[in-house]
Every structure is written in structure tokens, then in C-alpha cells.
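Dropping a prediction and its sequence here:
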Amino acid sequence: MPRTRQSRTVVLALLATLLSTVGLVGVGAGTAYAADDDVAWAVRTASNTFGADRQNYRYTVNPGGSVRDGLVVANHGRKPIELAVYAADGFTTDGGQLDLLTPDQKSASIGAWVHADRDTVRIQPGKSVEVPFRLTLPDNATPGDYLGGIITSLRQEGTGANMNVDRRLALKVRLRVGGDLDPGLSVEGLHVSFDGPKNPFGTSGATVDYTIHNTGNAILAAGQKVSVTGPFGRLGVDAADVPDSPELLPGEKWQVSVPIHGLRPAVRLTGTVTLTPLMTDAAGSVNPLAPVDTTTHAWAVPWALLVLLLVVAAGVALGVVLTRRRRAEAKRREDARVQEAVAQAVRESAGAGK
Amino acid sequence: MAFGATAAVLGLTSVLGTGLMSTANADDPATLSGVVLTVGSSESQRVVSWYASTNTAQVVQVAPTASLVAGEFPSDAVTFSATVAANSVNGGFNGHATIDGLQEDTAYSYRAGAAGAWSPTYSFKTQDFEGDFDFLFFGDPQIGASGNVANDGAGWADTLNVALAANPDSELLVSGGDQVETANTESQWDAFLAPSQLRQYPWAATIGNHDVGGKAYEQHFWTPNTDRSAAFYTGATNSGGDYWYIYKDVLFIDLNSNAYAAGSDAAHIQYVTDVINAHGAAAKYTVLVYHHSIYSPASHANDGDAKVRRQDFPTAFSTLGVDLVLQGHDHAYSRSYLIKNGQKANPDEQAGAAEVFQGPGGVVYVTGNSASGSKYYALTAPVAGEFGPDPTDTSSGRKRHYANSVESQENKRSYVKVAVRHDKLVVEDIRSEVSPNGTVGSTIDKVAIRPYNGEGQAISVDVPQAGPGEFGWSIDGNNDLVDLGRAAEGHGFFLASGDINPITVTDTRPSGAAWAVNGQVADFKDGAKTFSSKFLGWQPHVFGEGAGAAAGDPVESGFSAGTGLSVSRTLGSAAAGHSLGDAELGADLNLKFPTSIDKGNYRSTLTITAVS
């Protein structure tokens, strides 16, 4: 339901309005629209031999194979709408969600392999239209998992506003191309940074940074375990529960930064990241695959402790020097005293001998 | 306790089967055994599981039977990669693959393995993906319980032969647990898996107390949507987990009832609650399946766990609107009255009634007899003060337990047929072995369970099936989704703020698929002049909660640092299994850009994409 509309009459022209206030361009005043100009449309999978209540599309097809299916688009608004229909490849956003390439980006898989029977569909209010489409794989399609979507798009351009808004409503297409499935994850750029403790005898923290790279051809999430240990595997500390990564498409990367608390200064640290590839099968159960360990080493010089040690060492050294000096002085005096005594004795002896 | 997506590590070293190409340089090809067809997450899936001698790349190849020529698979047969894992008992490996995307009313042929080392070719058929269907429920085969594996296996095979000869269009074979007598004895598993029907009809496995104590159950069966949380009996030597699937109009929830100590009953109830909340709307009926019968007719009736569960389970199941509970363990047949909150729901219900009307909270509990004849338990007398006698049972001698409408022990094999119809579930216990009371195929008990459809429905109307759910939205305004108001000059920058008009996302698909609405802005351009879209940031809001919506994280303008909305950002999203309904999303916008940007009339495109 619409919220307030007080700004509806000054509508947007994003930069026109914006920049006009600083004297750059003229005002681009928007047009007022009535509430029944709201657009409302919906998509669903066609009801056919694949079933009547699918949530989106998923196929397993061999290279060279093809599948025919359909997308149903319903107009729930009060005016006819015309929508573009096309497919695009998907990607995982920094927030871990699936998004689809924009029209100015070139799709290489789903977006290139799925073709609707028509590019646009015009739908009367209250009606729905089924748009058939075909997924056709090239003979040399690489085996593995692909994710993309079939998009319906309502684009408005050149209405006086300086911000075009492309509204796209899409259903996912998940495709597995038959053949070798070779799931793999690797850890890249593993780096441990150590925060030296202020208190020489206290514990400290470290941050473990790395990038998960889906190096295989299967869609995978990663179960993660992160630990840091001191020399000889001692003084180990595990990170608190690190959540699983989102599902990553083949080739995608995911940056992770994990704080570790309660480390003892240990001069040399070893950071270990263990990833368990989690492959969710079509039936919704998870296959945990063989874990992958990656380690790195980092200097964790306990500066505060070192400074304290230096002070102590300097004190000791000074003490030693002073003691030596005192001893040398005492020895020198003793030597002088002995020498004097000897000289005296010699003198006395010589005098006595006369 | 986290449910749902939690997947404990199985502790197996898994490798993934690869396709045909890689077998050229593989070791000796695997020899397959114990191939079994099991249930997937919906009527359009099947899972195939097997034992393999090596962990080489393996697949399941599937093609419509009509496309096979002289038994040869066509070149375009679809290959489903298998997951192959090392067995943790008995050596060797186990493989499984999920066959997905099946079409209705189609006969399929399949084989597992790899080029040059295929299993024999097996077949199954799909039926109409909508409407009525029958499934069969089998009480404990427990192969080996008699001490004679061959006899038990023969009895089991005979029951399957009889049941499927009489009901060839049954669509599922549902297990009551205790497939075998001793968990890791493969000779018993071999006898259990011998009948060819287990490669033609999907077996919906249930774990019994004789199936635990080893990993063989998990090695033989791969189940859909499985939660292996510790509360459901994860352990180095245990198998199982709770799982669910939807087959046409029925939501099946299968529990590992071996887990009953240390809060497991509460965990099971939470699992059932979560699954019904997330997926109940997608099905007309809810059927629970687990091994340990709580309204047991024989000696297990007064087991400690049964006593506790008669307190723990029934009220929750009534509240959640469960229709039918299928159980095993006691090797005798019973059918309960409609039980509401642990008590007989309707005092007027007659023993052995042929038809019952559920009313709110009425649940029918069935205990399966032995499907193999390996072992039977005699009906026992109710224990007053515990699982006491039915006051309406006026016969002399042994009486029925208070919860039960029918109790039967003929010491002969039987199976249960459940007919799922648009207006009722028909449960029928059928002899698969001749007894003094009847021939093979004759009925021991039959009841039609009429579901409860809400209060005050005196008039019945046939309403055409509602349209399938949709993923949609309505957007406030035909254009000008974005309003940034007027910019103000700050110290070295311009600042404008505003909002995007509300977007109402609607998800009425019963399955509650995950969805996300993302936004991304292209660079601002005026001819050759351009400036970065990173200067735009936003603070997403959920104005109207529903459809499981959560607002995306705030995104700062990239004026100082960061990429702003130049990359895709989430406005709102919902995880899988969310509730149905509407969510209203919006965002406050924040554009902060340097005063050094050249004068011009810049244009850009905001792309808002909702995908599910």
C-alpha cells in the first residue's frame, strides 16, 4: 500500500532537481501521478508436465540438450503494462544475495542460453499471459552448475526525470550441465594480523582475513573453522562460530574477516582456515565434502613484553657493568694496596739488610 | 538449537563422482550393489543410492523409457553426478544421486555407474503431479529377526509382490522402520533390498531402533531435506536425522524416534512445528512417520519412552493439525480413535468405525504389523493407571487400550494402504498372507478420515483449485520511483536525501522460496562527462512486515570510502521457508558528492531487481 505522497508532485529528476539547486542545470519538474498508476505484476512458473506449483526453474541437461518451459506473467494493476522478457546470468552480491546482470552486461550462460519466444509482452489489467521459452545448451557447454534468471522488466525512460528506473521481477533458473562435476573451494590471500597487547602479561587479539574462492564447477557454500596457534602447535585459539558462507557460484569469491580473541603473545603464529564444502543437493539435503586446510604464518612480536624485557635486561646489564666496575675498582685498590705493601716490604727489607 | 539448514558433518570422506570423461584414467570401474530408489523432496524427484566397490566417478543416467532403443540409452540421456563417500562400516563406498526435473505421466529408465560399468537398467514411472494417489505403509520388515534371513527375506518379498500386484499404481512405499535386525549386517540388508520393487517405487526410509548403532542405514539411504542436528541422533556410530518432503497433496515429516533422551522430544516437536509452519500451506494433509509407536497395541506399549511420549507428543500434533501418524516397532496392527490432546476426541466415536470426522485437533495414529513375518508381538492387556483399557470395550478378557479403535494380531503378514483423496484419507490394513480370518488381499481394517475444514462449514462447495502461487510486487507510482529532494551544500560536498517509493513484494507460492530485492545504480553520465554512482547510499527499511522480509544492510555514500550503490545492494530479502504474504520495502537515500564534479545534466539508471 502506498505511504505518504507529499513528495509526489516534486518528483525526482534525481540530478536535475539536485543540481538545479546549485545552479548547474534547469529544474526538471516531475509529473504528478494518480494512485491507480501504481504498477503491480507477478510471475510464476507455467503449469505443465514439470508440475503446477514449482517455485522457480531447475534443470539438469546434457551439453547440446534443450528444454521447453514457460513463464506466466500476470498484471494485477489497473492499466495495461508492457514488459520486456529476457534472461540474464546471476551473481552473488557482497550481501550474499543472488542478483542478475543488468542489460548492459553480457551474459555467458543462462542469459545466453535461455530465449523467450518473444522479447516483450503486453498484458491487460487483471489478465495473465504465458510466455514460452527454450533453454538450449551448446554442444560444448561446460559441465557444472549455473544460476541465472528469467526477467520481466518495466523500464521508463525520458520522462523528464534524470534517473531512469529499471524495475525487474525475475524467477531463478538453476541449471546443472551433465558431465564431470568437480566441486572445489580454496582459501586465497590468507593473512593474520596481530594486535599486540598493552599489558605485557595479558592476552591479545588477531584478525584472520582471507578470500574463499569457488574453484570448482559446483555451487557450494563453505563451512568455516578458523584457528590461530603458537609455535609447535601450542597456545591454540579457535575463532567463535564462523557462519557458513552463502552459496557461491563457480568462480565466485567471498571475503571473510574473522576476529580472534584471547591470544598469548607467541612471537610466531600459525593461522589455519578449514573449509568444508557444503553441497546442497536438489532434494535439499547437504553433502559435506572433504575439508580443505590452509595455513599461514605471521609474526606476533609481543612488543610490550619485549620492551619490559629490554628494560629488565638493560637493568641487569647496567648492574653487571656497575658491579664489574666496582669490582675492578676494588681490585685496582687491592692491587695498589698489595703493591704498596710489597714496595713497603721491599723497602723495609732493604733497610734491614743494610 | 538451530534447525532446518543445520547439517552436521557426516564424518565421511566424500569425493564427488565425475562424469563419463574421467573414467578413462580411473582405476578399475566400480562394481555396484544394493541399488535402491528412494524418495526425493517432491513428486518430480527420485534419489538413487547404492554401494560401490571403489570411489571412482559415478553417475545416474536417466531417459524416458520410450527413448531407449533395444535397451540402449539414447545419446542425450541425462547424467546426474553422484556423490560417492567412503563407508564407515563394512568397507567400500556408497553413492547417491538426486534425479531432478522429472515430468509427470512418464516412464523412465535409469542405470547407475559409469561407462563400461553400468548397473542393470531399472525403471520407474511418474504419474499425474496433481490430485489423488495411493501410498503403501510397511511395518517393520526387520530382516533377520526370526534368525532365518532367507525366510524373512522371502516373506518381505512376498508382501511386496502381493501389495504391488494389487496396487501397481501406488506411488510411494513408506517405511515404519527396522529394515533389518542388526544395523550393520549386510547379509540382512541384501535380503531387504533384494525385491525388484525397491528399484521401481521410491522407498521413504524410516529409521528404527534396529537400524541404529551403525552407519549402514545412512550408507544405504539418502533422504531429502535432512536435518542431522545432534538432537536427532548424530553420532559417530549412529545414523538418521529428521526429514520432510512433499508428495502431491501430502506433507510427510519423518522423525528419528530413536532420539528421545535429553530434550529430543522437544527438538522433534520444534522440527515438526517449523516444517509445518514453513511448508504446511503447500499440502492438504500432514502425515508424520516415525518408528516408536506411542499408542502401541503390544508389549512396547509401556516402554519408558512410549510413556513419556504419550505426554510429550499428542497435544503438539493436535495443535499443529497433523492428520495421520504412521508408526512401527510393535509388530501388531492398531488404529486409534481420533485423539485430541492425548484423549479420545469424540466420546461417541465407536470402535472400528468406518468413517471419522476429524474436528479440530483430531489425529489418527496407526501402528504397522510386521510386513515380513519375521516377528510378531502378542497383543497385551492395558495397564490401569498407565496405558489403560478402553471403557467402551465390554468384552471379557484382554481389552483394547483406551486410545485404540482397532487392535489386531493374526500372526500373519499385512501392509497398510493409504488412499489420499481430495476430501479424505482412507487407511486400510490388508493381509498379504492368508489367515484363518481371511484370504490374501482381504481387509483387516478400513477407515475413511474426513479432514477438518474449519468451523461452521455446514455447506460443502466444490471450489476449483486455487491458482498456483506467484511472486510479484506492486510499486507505488508508474515512474519516479526515486525522489531525492533538494541538495544542500556542505563543506566541500553536496548532500541530498530522499527515499524510494514503497515497493510491496508479494509471495504466495506455497513453498516459500528465498527471495531478494536488490538495487544498483549505473554511473551518472552527461555526454562524455561522468561521475560515479558510488556517491549514492541508502538505508533500507521494512515498512510492512510479511513474507519473511528482512531489510538489507545500510550502505554509506562512497564519498569518503566504499562503493555505495555502484554495486548491487540488498533492499530486502527473505530466507527459504518464509511465511506467505506481503512485505513493504523502502529506503532512505543519501547522495553525497564532491563539488568538483563538472556542471551538467547527468542521467543514470537505477536497476531494482526482485528475484526468487
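Everything's here; your move. Numbers count the residues shown, from 1 in each chain, chains lettered A, B, ... in the order given.

All the helices of the chain, residue numbers only.
By default, I'm working from chain A. Assigned helices in chain A, in chain order: A:18-20, A:110-113, A:303-353 (criterion: DSSP state H).

not quite, I wanted chain B
B:149-166, B:186-193, B:216-220, B:264-279, B:304-312, B:314-320.

Mind putting those into JSON lines with distance to A:Val165 and mean neighbour count?
For every residue, glycine as well, the C-beta is placed using N, CA and C. Converted to JSON lines, the helices of chain B look like this (distance: least, C-beta to C-beta, whole Å; neighbours: other C-beta atoms under 10 Å in any protein chain shown):
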{"stretch": "helix B:149-166", "distance to A:Val165": "59", "mean neighbour count": "20"}
{"stretch": "helix B:186-193", "distance to A:Val165": "59", "mean neighbour count": "22"}
{"stretch": "helix B:216-220", "distance to A:Val165": "51", "mean neighbour count": "27"}
{"stretch": "helix B:264-279", "distance to A:Val165": "33", "mean neighbour count": "20"}
{"stretch": "helix B:304-312", "distance to A:Val165": "54", "mean neighbour count": "16"}
{"stretch": "helix B:314-320", "distance to A:Val165": "44", "mean neighbour count": "19"}
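
can you tell me the residue of chain A closest to chain B?
Nearest to chain B, among the residues of chain A, is A:Ala42, at 2.4 Å (C-beta to the nearest C-beta).

so what's that residue up against?
For A:Ala42, the contact set (C-beta atoms under 8 Å, 6 or more residues apart in numbering or on different chains) comprises A:Val73, A:Ala74, A:His76, A:Leu169, B:Glu470, B:Phe471, B:Gly472, B:Trp473, B:Thr506.

before we move on, the earlier item: to B:Phe494, which of the helices of chain B lies closest?
Comparison of these against B:Phe494 by C-beta to C-beta identifies helix B:264-279 as nearest, at 46.9 Å.

For the closest residue to B:Asp190 other than its chain neighbours, the count of nearby residues, please.
Nearest non-adjacent residue to B:Asp190, counting by C-beta to C-beta, 6 or more residues apart in numbering or on different chains: B:Gly34, 7.0 Å away. Residues near B:Gly34, counting by other C-beta atoms under 10 Å in any protein chain shown, number 19.

show me the residues around B:Gly34 that make contact.
B:Ser49, B:Trp50, B:Tyr51, B:Trp189, B:Asp190, B:Leu193, B:His220.

run the last query once more with 7 Å
For B:Gly34, the contacting residues are B:Trp50, B:Tyr51, B:Trp189, B:Leu193, B:His220, by C-beta atoms under 7 Å, 6 or more residues apart in numbering or on different chains.

Model confidence score at it, please.
Predicted confidence (pLDDT) for B:Gly34: 97.

how near is A:Gln224 to A:Asn164?
40 Å (C-beta to C-beta, to the nearest Å).

and if you look at B:Gly71?
59 Å.

Those two: which has the busier surroundings?
Between B:Gly71 and A:Asn164, counted using other C-beta under 10 Å, A:Asn164 has the larger neighbour count: 20 against 7.

Let me know the pLDDT of the nearest residue to B:Val180 once chain neighbours are set aside.
Sequence neighbours aside, B:Gln188 is the residue nearest to B:Val180 in space, at 3.9 Å (criterion: C-beta to C-beta, 6+ apart). Model confidence at B:Gln188, given as pLDDT, is 98.

Who are the contact partners of B:Gln188?
So B:Gln188 contacts B:Ile143, B:Gly144, B:Val149, B:Val180, B:Glu181, B:Thr182 (C-beta under 7 Å, 6+ apart).

Buried ones among those?
Buried residues within these, counting neighbours by 16 or more other C-beta atoms under 10 Å in any protein chain shown: B:Ile143, B:Gly144, B:Val149, B:Val180, B:Glu181, B:Thr182.

Tell me the spacing between B:Gly385 and A:Arg44.
Counting by C-beta to C-beta, the gap from B:Gly385 to A:Arg44 is 56 Å.

Flag every residue of the stretch 251-354 of chain A that's near chain B.
Contact residues (C-beta under 7 Å from any C-beta of the partner chain) of the stretch 251-354 of chain A with chain B: A:Thr276, A:Leu278, A:Asp281, A:Ala282, A:Ala283, A:Gly284, A:Ser285, A:Val286, A:Asn287, A:Pro288, A:Leu289, A:Ala290.
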